[in-house]
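*Asks:* Sequence first, predicted model second:
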Amino acid sequence: MASCLGCCFGNTSTDKHRSTDKIDGGSTLPALQPVSSPHHAPVIGQTESSSVVQDKENQDGGSTLPAFQQYTYEQLAWATGQFSNNFLLGEGAFGQVYKGNLDGKVVAIKKLKIIQDEQHENLQTKLDEIEVISHVTHLHIVKLLGYCNEEANKLLVLEYVPNKSLKSHLHGKRLLEWKDRMNIAIGAAKGLQYLHEDCDPKIIHRDIKSDNILIGNEFEAKIADFSLAKILPITDDITHITTMLRGTNIYADPEYDPLQRVSEKSDVYSYGVVLLELITGRKPQDAHSNIIEWARLRIVSALSGGIYHALVDSKLDSKLASYETKEMERMISCAAASVYKSSKLRPRMKDIIGVLNGTTPPEQIWNSEDNAFLSEKGKRRAARPWLT
């Protein structure tokens, strides 16, 4: 199944033109009341099930979530106070996300915009794609709980994550401590490994960025927003899909821009950019440069000369906060191998998890000879591997 899920999983954190730090959190929101209607008083627990999937235990945590269901538009409207702005969590190019209450449980309800060039796509294909994503059950991935498909009304019901996005924590007023940064990096890597290696068929996210990594109450990472996801066909001889590049540009693998051969290694590249954000505390793009070019030579100084202060977030490199040098070295090695190597040479998420956990030596994915990838010549070679 190689069709795009854009119509089903719209990106509600804004794209390269806007940002929404409001998403998935909002301590000032009014209290939600359980769904009730003076006319129909629907009972969500007795809603007609889609019979797509019955939830299995969470792979990492053992907890269970409600069975995947199909809802009516009326039910979701009542759950959000008729989509009141009082319950709006975030808004982006693909729609709005509202905080809602279904059967006494707080959920996130995503109200999708109609994408003109996808209106006439085969409906059954879309339902099949929802079915595939509904099977994704993992501690580090936001769970799809249900959907609504009534004519022009397309909505998704998702697990509610209360602690906002990684972006809001990195660039907010409070310091994101190093132990939490490591925990988030490892959790996001585990989520991606699950999508790439344990899902059948495999799923490529295609829009990994700090906006789309949400933070739970225990500072565990949860990958969100399958707006651009691709599902690899179930066959051993297909390793990539050719598709028009639609992700946020700074996070997008530059090798095949704008016509991109999407594979798991495209997600690895984007994940590497997120690691650079965790290391440096910088935004991926500013008025003067992007984080990839800014970090290039500073990584050489850090890994070869042990000079970290020019690269590492200054808020971590102070008397008030600190980091473990060996852990920092491991994260820098993972970021460098993910971003600066060509796709064929990038590590798998399994390898990255091993390095971050300290069970795999960082030299297995990035050694002193690999610093050549950080030079201008190495930059050109990594961007156009077919020329070498």
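*Replies:* Cool, the structure landed.
*Asks:* switch to C-alpha atoms for all contacts and neighbour counts from now on
*Replies:* Fine.
*Asks:* Next one: residue 295 from residue 104, what distance?
*Replies:* Noted for residue 295: a distance of 47 Å to residue 104, by Cα to Cα, to the nearest Å.
*Asks:* now do residue 316
*Replies:* Taking Cα to Cα, one finds residue 316 at 41 Å from residue 104.
*Asks:* just residue 373 next, same as before
*Replies:* Distance from residue 373 to residue 104, by Cα to Cα: 53 Å.
*Asks:* Between those two, tell me which one has more neighbours.
*Replies:* Shown here are residue 373 and residue 104; by other Cα atoms under 10 Å, residue 373 has more neighbours (20 against 14).
*Asks:* Would you double-check that residue 154 falls in a strand?
*Replies:* Yes - the assignment for residue 154 (DSSP: H, G, I helix; E, B strand; the rest coil) places it in a strand.
*Asks:* what sits opposite it in the beta ladder?
*Replies:* Residue 154 forms beta bridges with residue 149, as assigned by DSSP bridges.
*Asks:* Confirm for me that it is in contact with residue 112.
*Replies:* Yes - counting by Cα atoms under 8 Å, residue 154 does reach residue 112; the two are 5.6 Å apart.
*Asks:* what's the burial count for the nearest residue to residue 374 once chain neighbours are set aside?
*Replies:* In this structure, residue 374 finds its nearest non-sequential neighbour in residue 296, 5.8 Å apart by Cα to Cα, 6 or more residues apart in numbering. Look at residue 296: counted by other Cα under 10 Å, it has 20 neighbours.
*Asks:* go on, residue 154?
*Replies:* Neighbour number of residue 154 under other Cα under 10 Å is 19.
*Asks:* Let's verify the residue nearest to residue 374: helix, strand, or coil?
*Replies:* Per three-state DSSP, residue 296 ends up helix.
*Asks:* Got the confidence number for it?
*Replies:* As predicted, residue 296 sits at a pLDDT of 96.
*Asks:* Next: the one 5 residues further on.
*Replies:* For residue 301, the model assigns a pLDDT of 95.
*Asks:* Helices of the chain, start to end?
*Replies:* Taking DSSP state H, the helices of the chain run over residues 73-79, 123-134, 166-170, 178-193, 264-280, 291-305, 325-339, 349-357, 376-383.
*Asks:* how is this protein carved up into domains?
*Replies:* 44-159, 166-387 (automatic domain parsing).
*Asks:* can you tell me which of those domains the model trusts least?
*Replies:* Looking at the domains of the chain, the bottom one is domain 44-159 with a mean of 74.
*Asks:* ok so, going back, take the helices of the chain and write them to JSON lines, including distance to residue 252.
*Replies:* Formatted as JSON lines, the helices of the chain follow (distance: least, Cα to Cα, whole Å):
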{"stretch": "helix 73-79", "distance to residue 252": "34"}
{"stretch": "helix 123-134", "distance to residue 252": "22"}
{"stretch": "helix 166-170", "distance to residue 252": "17"}
{"stretch": "helix 178-193", "distance to residue 252": "16"}
{"stretch": "helix 264-280", "distance to residue 252": "6"}
{"stretch": "helix 291-305", "distance to residue 252": "11"}
{"stretch": "helix 325-339", "distance to residue 252": "10"}
{"stretch": "helix 349-357", "distance to residue 252": "17"}
{"stretch": "helix 376-383", "distance to residue 252": "12"}
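*Asks:* Out of those, flag the one nearest residue 255.
*Replies:* With Cα to Cα as the criterion, residue 255 lies closest to helix 376-383 of the helices of the chain, at 4.9 Å.
*Asks:* Pull the contacting residues for residue 250.
*Replies:* 284, 285, 290 (Cα atoms under 8 Å, 6 or more residues apart in numbering).
*Asks:* Which one of these is nearest to residue 183?
*Replies:* Nearest to residue 183 among the contacts of residue 250 is residue 284, at 20.4 Å by Cα to Cα.
*Asks:* Count the residues that sit near residue 326.
*Replies:* 12.
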